[in-house]
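**Student:** predicted model and sequence follow; I will ask about them next.
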Amino acid sequence: MPMKLNVAYPHNGTVKQFEVSDDTLRRVHLLDYRLGNEVDGKIFGDEFEGYIFRLRGGSDKDGFPMVPGVLASSRVSLLVKRGAIGFNTFRGYQGERRRKNVRGCVLANDIALINVTISKVGAKPIEGVTDTTVPRRLGPKRASKIRKLFNLSREDDVRKYVVRRRVTKAGKKDRLKGPKVQRLITPAIKARRAAKAKVTIKKVQKAAEERRAYLKQIAAERRSRRQRYHAKKHNAKVVQQNAEMAAANKK
C-alpha cells in the first residue's frame with residue numbers, strides 16, 4: 001500500500017498531498033527516522049531532491065495518530081490527559097485521563113500518512129507548494145497580536161489594521177468583513193474599570209467602618225460589663241463590712 005505524504009510550506013501557506021510508491025519506500029530504512037527529525041526529501045521521491053523535510057506527524061494504516069516522544073515503532077496503549085493527541089478535549093471532563101491506543105514516533109512500514117514541512121527549498125519547485133502563494137484568509141483579532149503583526153506601538157489604533165476580507169453574495173453589493181478586535185482597551189473600558197474600582201473601594205471602606213463600629217460597640221460592652229462587675233463586688237464588700245460592724249456593736 002503506497003504511503004501518503006502531506007507536504008506543507010508555511011512560508012507560502014500551501015499544503016499538498018503526494019503518494020510515495022512502495023518501490024521508493026523499499027530503498028529507505030524507515031526505522032532510522034522519528035518525528036522531529038530533518039530528513040532529505042529525496043527518500044520520498046526524486047521530485048523532492050534538494051529539499052529538507054521536518055517530520056511533524058502521521059498515522060498508521062488503521063488511523064491511529066503518531067505521538068512525539070513515544071520511542072516505539074508500534075502501537076502502544078497510554079494513559080493520556082484530556083486534550084492530548086488521541087483524546088479530544090470535548091470528549092472528557094477536566095482532569096480526566098483515559099487509556100488510548102496511539103502510535104510511537106518512530107516510522108515503520110505500516111505508516112500510511114506522514115505530515116512534513118519544508119525546512120529548505122530545493123532547486124526544482126514543487127508544483128502547488130513552492131511555486132504558489134495562498135494569501136492568509138483570516139488575520140489576527142486580538143489587539144496584542146495585531147500590534148505584533150504590524151509592529152505597532154501602544155499609541156496606534158489597531159482597529160485601522162484589522163485584516164478584512166471581501167464578501168460576495170448574489171444580488172447584493174460586495175462588502176468588507178473583519179473581526180471585532182478583542183482585548184482592546186478603549187476609553188469606555190477604562191471608565192468602566194474605574195467605576196468598578198470605585199465600587200470595590202467603597203465596599204472595602206464601608207466594611208472597614210462597620211468593623212470599627214462593631215469593635216467599638218464590643219469594647220463599650222466589655223467596659224460596661226467590667227464596671228458592673230466591679231460595682232457589684234464593691235457593694236458586696238461594703239455590705240459585708242457593715243454586717244461585721246453591726247455584729248461587733250452588739251457585743
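**Tutor:** Perfect, thanks for sending it.
**Student:** so residue 227 is in which element?
**Tutor:** In this structure, residue 227 sits in helix 187-250 according to DSSP states H and E.
**Student:** and that helix, average pLDDT?
**Tutor:** Helix 187-250 shows an average pLDDT of 93 in the prediction.
**Student:** distance from it to the middle of the chain?
**Tutor:** Centroid separation for helix 187-250 versus its chain: 52 Å, with C-alpha atoms, centre = their mean, to the nearest Å.
**Student:** could you do stretch 42-54 as well?
**Tutor:** Distance of stretch 42-54 from its chain centroid, counting by C-alpha atoms, centre = their mean, is 35 Å.
**Student:** swap in stretch 159-168?
**Tutor:** The answer for stretch 159-168 is 26 Å, by C-alpha atoms, centre = their mean.
**Student:** which residues sit against that stretch?
**Tutor:** Stretch 159-168 is contacted from outside by 136-141, 146, 149-150, 152, 174-179, 181, 184, using C-beta atoms under 8 Å, 6 or more residues apart in numbering. The C-beta positions use only the backbone N, C-alpha and C, and glycine is treated the same way.
**Student:** among those residues, which ones are in strands?
**Tutor:** 175, 176, 177 (DSSP state E).
**Student:** highest neighbour count among these?
**Tutor:** Most neighbours among the ones in strands among the contacts of stretch 159-168, by other C-beta atoms under 10 Å: residue 175, with 11 neighbours.
**Student:** quick check: that one vs residue 138, distance?
**Tutor:** Separation of residue 175 from residue 138 (C-beta to C-beta, to the nearest Å): 16 Å.
**Student:** show me which of the contacts of stretch 159-168 are buried.
**Tutor:** Using 16 or more other C-beta atoms under 10 Å as the burial test, those include 139, 140, 141, 146, 152, 181 as buried.
**Student:** surely the fourth one meets residue 157?
**Tutor:** No. If you go by C-beta atoms under 8 Å, residue 146 and residue 157 don't touch, sitting 10.3 Å apart.
**Student:** now stretch 50-58, how far from the chain's geometric center?
**Tutor:** 27 Å.
**Student:** how's this protein carved up into domains?
**Tutor:** Per the TED database, the structural domains of the chain span 3-120, 143-177, 185-250.
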